[in-house]
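In: got a sequence here, can you build the structure:
(3 chains)
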Amino acid sequence: MAYILELHDICKHFGNVLANDHVSLKVEKGTVHSIVGENGAGKTTLMNILYGLYKQTSGEIFIDGTKVDIESPSDAIELGIGMIHQHFKLIPAMTVAENVMLGEEPTLGKVFLDLKKINERTLELSDKYGLAVNPKSMVEEISVGIRQRVEILKALYRNANILILDEPTALLTPQESEDLFRIIERLRKDGKTILFISHKLKEIMQISNNITVLRDGKVVDTVKKEDTDEVHLARLMVGRDVFLKPAPKPKKIGEAILRVEHVTAVNEYHHPVLNDVTFDVRSGEVLGVAGVDGNGQTELVKALIGLQPLSGGKIFIYDQEITHLSVKKMRSAGIGVIPEDRLQEGLVEDFSVQENLFLGLQRSQPFSNGTNINWGAVRSNAEELVKVYDIRTPNIEHKARLLSGGNQQKIIVAREIFHAPDTIIASQPTRGLDIAATDFVHEQLIKQRDAGKGVLLFSLSLDEIMLLSTRIAVIYKGAIVAVVNKDDVTPEDLGLMMLGGSYEHIPA
Amino acid sequence: MNKKLYLVLSLVLVATLALTACAPKEEAATEEAAPAEETTSEEAAPADTFKVAMLTDLGGLAASEEVKGFSDLGWEAVQRAQTELGAEVTLLEAKELADLEPNLTKMASEGYDVVVGVGYLFTDAMTAVAPQFPDTKFIIVDSVVDQPNVASLTFAEEQGSFLVGAIAAGTSTTGTIGFVGGMESALIEKFEAGYIAGARAINPDIKVLSGYTGSFTDVAAGKELTLTQYGQGADVVYAAAGSCGLGTIEAAQEEGLYAIGVDTNQDGIAPGSVLTSMLKHVEIAVFDAIKSAYEGNFKAGVSVYDLAAGGVGYSPMEYTKDKLPAGLLEKVDGFAERIINGEIVVPTTVEEANAFVLPE
Amino acid sequence: MHRIRKFFLKQQPVFITIIAVLLAFVIVGLILAATGRNPFNAVYFFVRGAFGNMFNTTDTISRVIPLTIAGIAFLVGAQSSVFNVGIEGQLLLGAMASAVVGYIVKLPAYIHLPLMLLAGALAGGLYALIPAWLKTKRKVNEILSTIMLNYPATYFTHFLVLKVIPIEGVVPATPFIEETARLPILIEGTQLHAGVFVMIMVVIFAYYLLYKTSLGYEMRAVGYNKTAARFHGIPVEKRMNFAFFLSGMMAGLAGAVEVAGVHYRFLDQFSPGYGFDSITVALVGLLNPFGVVISATLFGALKTGILEMSVYSGIPRQLTTLINGIVVLCVAAKDMLGGWYARIFRGKDTYEAQKEISQ
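Out: Predicted structure coming up:
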């Protein structure tokens, strides 16, 4: 078998950090080769070396058996390597075709752009690989999925034989991802070689021929797809067994902590968004809310923390009514929240780790006497939480913006739990997190459950709902259409109900 | 937040650039002044050299010979002192009001014998600084500072304006004339009042349109206001508005109507379009004061430069004399005489001017 | 060596700003050299003019006072994402209100002076409540509303000194304020007045408020991320209204201090655009209270230094505006400088890698 690309003992130092540690890799021509690993495992660094953005500290690269020296992206392009970055590098105000040709435009008499030719060539390439891109669309007007295809076209136009896709599905919808996989398959059949970077096990298993697992900058193993499965890959990536299995049964379920009675709300156009919602969350259980995105989950979370005005209904914590209270009062009545949108709602990115760790508590003891902040208390709290929750940060004055998604989420979880609420509302708590971080969040939620708190879990992932929930409420068009015991349903049943089907079992 | 910051930043940038663009005239002035400075800068002058410093207020000097204004006349006087009296001279242009007092102090403490502040904005600053330097002679133009070492030079602008008002009314065929002022102040009101009264002396039914630009530097505003007044039937417009007046002259040229200049002889800026100019002989007044200091008979207190003293007047009308109605200038000169001998008392407020009736 | 590197990396924004300012001077120096003038000669006179002797130094300080207070005014707003571009107008109204209180009433100094400063601050603060209301109740962009509200303030004060308040002489101004309402001169024969203490108090107050109190923490949270602030129970609109009011108060105070310490009356056109300079001052000061003092010192020195430079070295005065503009440009180009800076102190390609490493 001929290897189109070989890496020999690639090392890369950043200061005293070793990002790639003697990485060796062989890629067969005409295959999809996945590079997988947790965030920070060194995947992106390795690809940036290959694309000439970084220069390796030591090690050698061979293409088609010839040793090459890649000093810059233009060298890489010359050698037939194309890279599709996580964040696209397109010019929004130009057309698709203009973006594709940028820098290598066909011209008329070396002065004028040959627009006709530009469009024709783009269309030709697009048709060949089934990309279905209109060369004349403005980039600013097309969707993320299509933009990605434009990036692919750019690489193909420059005769790339090796295409690097860096976490290409991170920003895509499930449907767009499927389309992408079809394109990748077509490219592969045409003889292109794909390097696919990801940490999503499912899609890796779906499209790869070979898989190389990186951990802490080192190659752990390279395996054929046929010889592995998701659990095995997860273990290789994380280095230990992971939680990804159903949570242990709850010990003791107690009385209802949070009660929602006939809650109704309308949006700014007076359309109902919450429709007579009634449920309760009991001490010692996880109540999972399953539903297709946009069926009122966001509004329900907001209603429970005082950000969604209600047109009817009541909300109680134990016997205390908290309907219509301010955010601050509702939260101090005993509600903690891990919001859906980490960066917008959960954190102040430009605050330091320690500042984020008491957000919302800035007027409570011990952090403040009501007027002045006690920075000593803030600091010792932060140091403790960073240790307990293993928040990886150089120091507590580091800006939250610079941390990884997993560590940002740990800040939120740590803070909300520290807040010691009676009920924790977790909305999409693991979205975008890698396996280890997901595992961590799950573990914390179960811990809170077992400590006698009520946990209300909103997730779009049925797997996650099934893993963690004690009972499951199904939300559809702003109404809770059923509340069932987890053990009484299958994911298929839930899927049906989420789409409006009925369920004949008796609700728990 | 970053986006907004950049928006603010670009606003600041634009404002700064606009400011730079608005002030091109100063640059050349400093160039012009540079040769004079060379004599003063490095070599320490002998102790007995007679030293004169001139300070401008926010107006500064003009960019070119033709558009010279009020401050340039002061500088003319100081340069004359350099050639005729052998004085060592320097010029300091202020950029903001907060500069005035330090500038005065700086010049006085560096041993200048005479420090000239051109412009009424120096009033407060000179009142504060003059007592600290009793041996220095201060001269202020256009305002009164009551200190034993300050000569206050004021002008009877209303008298000069009276004469050009008479010329305007006598030349107008529409019976409507205009007045363009700069920043509103008691000083500019004197110009307006004299102008109205002079016009009424020729034609008691004359209609005088008045407007202020709110600036002494905004040429475009001066032009716009003038065009408006032309539109309302005026055919002669008098501008007492610093460099806004250049806008008035430009408008006159475009419309083929008349403008009247101020302070210096501006007839040559647009020959034929500038009917005449109200002259304010700052150069004479300042030079007189410097000379008296040089000769050791410096006179503190107020000196009023009026028609009688030759401090104000109208230009020789090189380009327009022939176009005037016959006998107009004789009439105007008659008024001048009557003002000098006290028969006509020219009003200084608009209210009085509107009620002005030429005494029989 | 490693430690030095680390220090330079941590203080990156500060050093980049310093580099930007130095770069501006280098550019201006090159322009001077290109036009056949000696830049070193210019620097000599510049430094002499700004700090060469007691008089020049105190003159510089007296320019730094209004710039700093106005800079803090912009800062307290910007830290709460309130971009108050209307400081000029609030400053003028503050100056007018304080001048009126200064000359109309007769009181002992220990009441009169604080009262007139308070009147100035209140006038500015109340005026800033107009854009605050427009912003939080009507969603009107505050940059637009504040910039437009400068005009009514300018012309209203202009109208007052011309038509309403009786004055003698030709200067459009209010009468002089009473002795009891004046900030005393600290060193006889100089311009240095007790406003410098007001300035120091304002800086310390701003620092304390923003970084030591719960309220300041909430204001900064609103400034960085309104959604998160709202999610965590911070009343966003209230905090923004307060930021407007405080910003206006500081602006008004800046005007009042100018009246009480320099002019002793409201003088038409007394402000050379302190309100607009304040934005540059605050941004170059990296929106940090102490940074604002340093940057105000720079801009104050620009005013006095260039004055001397223009007299003695024959270099045109327009350089002040030129240097101002170039400094702003260089600071705006900070991202670019940031890349170069990182390369110098970290070696190639590590700037982009910083984020990756910290994960």
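
In: okay, the residue of chain C found nearest chain B: pLDDT?
Out: Nearest to chain B, among the residues of chain C, is C:P272, at 3.1 Å (Cβ to the nearest Cβ). All C-beta spots, glycine's among them, are computed from the backbone N, C-alpha and C. For C:P272, the pLDDT comes out at 87.

In: so who does it touch?
Out: Neighbouring residues of C:P272 by Cβ atoms under 8 Å, 6 or more residues apart in numbering or on different chains: B:K95, B:E96, B:L97, B:A98.

In: which of the residues you listed has the most neighbours?
Out: For those, the largest number of neighbours (other Cβ atoms under 10 Å in any protein chain shown) sits with B:A98, at 24 neighbours.

In: that residue sits in which helix or strand?
Out: helix B:97-109 (DSSP states H and E).

In: do any residues in that helix lie close to chain C?
Out: Yes - using Cβ under 8 Å from any Cβ of the partner chain, helix B:97-109 reaches chain C at B:L97, B:A98, B:D99, B:E101, B:P102, B:N103, B:T105, B:K106, B:S109.

In: what's in contact with that helix?
Out: Residues contacting helix B:97-109 (Cβ under 8 Å, 6+ apart): B:53, B:55, B:57-58, B:90, B:92, B:94, B:115, B:117, B:121-122, B:124-126, B:128-129, B:132-133, B:136, B:138, C:55, C:59, C:62-63, C:191, C:262-263, C:267, C:269-272, C:303-304, C:307.

In: in helices, which of the residues you listed fall?
Out: B:D124, B:A125, B:M126, B:A128, B:V129, C:F55, C:D59, C:S62, C:R63, C:K303, C:T304, C:L307 (DSSP state H).

In: as a markdown table, those with distance to chain A and pLDDT would be great.
Out: Listed next are the ones in helices among the contacts of helix B:97-109 as a markdown table, based on distance: Cβ to the nearest Cβ, whole Å; pLDDT from 0 to 100:
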| residue | distance to chain A | pLDDT |
| --- | --- | --- |
| B:D124 | 44 | 89 |
| B:A125 | 45 | 91 |
| B:M126 | 50 | 94 |
| B:A128 | 44 | 90 |
| B:V129 | 47 | 92 |
| C:F55 | 42 | 87 |
| C:D59 | 38 | 91 |
| C:S62 | 34 | 93 |
| C:R63 | 32 | 93 |
| C:K303 | 33 | 84 |
| C:T304 | 36 | 86 |
| C:L307 | 40 | 77 |
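
In: which SS class is the residue in the stretch 201-350 of chain B that chain C sits nearest to?
Out: Residue nearest to chain C within the stretch 201-350 of chain B: B:G214 (7.5 Å; Cβ to the nearest Cβ). Following DSSP: H, G, I helix; E, B strand; the rest coil, we place B:G214 in the coil state.

In: what residues are up against the residue in the stretch 51-200 of chain B positioned nearest to chain A?
Out: Proximity of the stretch 51-200 of chain B to chain A (Cβ to the nearest Cβ) peaks at B:E96, 36.4 Å away. Neighbouring residues of B:E96 by Cβ under 8 Å, 6+ apart: B:L58, C:P272, C:K303.

In: how about C:N288, nearest residue that isn't a chain neighbour?
Out: C:L75 (7.8 Å; Cβ to Cβ, 6 or more residues apart in numbering or on different chains).

In: tell me how far that neighbour lies from C:F83.
Out: 11 Å (Cβ to Cβ, to the nearest Å).

In: look at these two and report which has more neighbours.
Out: C:L75 (29 against 24).

In: leaving out sequence neighbours, find the closest residue to B:T264.
Out: B:K68 (5.0 Å).

In: quick check: which element contains that neighbour?
Out: Using DSSP H and E, B:K68 falls outside every helix and strand.

In: report the separation between it and chain C.
Out: B:K68 is 19 Å from chain C, where distance means Cβ to the nearest Cβ, to the nearest Å.

In: tell me if A:T430 really is in a helix.
Out: No - the assignment for A:T430 by three-state DSSP gives coil, which leaves it out of any helix.

In: burial measure for it, as a count.
Out: 23.

In: so it makes contact with A:E443?
Out: No - using Cβ atoms under 8 Å, A:T430 is not in contact with A:E443; the gap is 11.3 Å.

In: per-residue pLDDT of residue 98, please?
Out: Because you didn't say which chain, this covers chain A. 85.

In: actually, chain C is the one I wanted.
Out: For C:S98, the predicted pLDDT is 97.

In: I figured it hits C:L117, correct?
Out: Yes - counting by Cβ under 8 Å, C:S98 does reach C:L117; the two are 6.4 Å apart.

In: hang on, the earlier thing: just the angle between whichever helix or strand the residue nearest to C:N288 is part of and helix B:97-109, please?
Out: Here C:L75 sits within helix C:54-78, counting by DSSP H and E. Calculated by axes from the mean of the first three to the mean of the last three Cα atoms, to 10 degrees, helix C:54-78 forms an angle of 170 degrees with helix B:97-109.

In: would you mind getting the angle between the helix or strand that comes right after helix C:54-78 and helix C:54-78?
Out: Past helix C:54-78, further along toward the C-terminus, the next helix or strand under DSSP H and E is helix C:87-104. For helix C:87-104 against helix C:54-78, the angle by the same axes, to 10 degrees is 120 degrees.

In: what residues are up against A:I184?
Out: A:I184 sits next to A:V32, A:L165, A:I194, A:F196, A:I207 when contact means Cβ under 8 Å, 6+ apart.

In: intersect those with the contacts of chain C.
Out: The subset of the contacts of A:I184 within reach of chain C, by Cβ under 8 Å from any Cβ, is empty.

In: from the residues you listed, which land in helices?
Out: A:I207.

In: just the closest of the contacts of A:I184 to A:K154, please.
Out: Nearest to A:K154 out of these is A:L165 (Cβ to Cβ; 12.8 Å).

In: the closest one touches A:L195, doesn't it?
Out: Yes - between A:L165 and A:L195 there is a contact at 7.0 Å, judged by Cβ under 8 Å.

In: rewinding a little: check the gap between the residue of chain C closest to chain B and C:E88 for me.
Out: Taking Cβ to Cβ as the measure, C:P272 falls 10 Å from C:E88.

In: ranges for the strands of the stretch 201-350 of chain B?
Out: With DSSP state E, counting those that start in this stretch as the criterion, the stretch 201-350 of chain B has strands at B:207-212, B:236-240, B:258-263, B:274-280, B:301-305, B:312-314.

In: counting neighbours, what do you get for C:Y274?
Out: Neighbour number of C:Y274 under other Cβ under 10 Å is 28.

In: wait, it sits on C:Q90?
Out: No - C:Y274 lies out of contact with C:Q90 (Cβ under 8 Å); the separation is 10.7 Å.

In: which SS state does the nearest residue to A:Y157 once chain neighbours are set aside fall under?
Out: Of all residues not flanking A:Y157 in the chain, A:V100 sits nearest, at 5.3 Å (Cβ to Cβ, 6+ apart). With three-state DSSP as the basis, A:V100 sits in helix.

In: check which helix or strand covers the residue nearest to the residue of the stretch 201-350 of chain B closest to chain C when sequence neighbours are not counted.
Out: Of all residues not flanking B:G214 in the chain, B:M183 sits nearest, at 6.1 Å (Cβ to Cβ, 6+ apart). Under the criterion DSSP H and E, no helix or strand holds B:M183.
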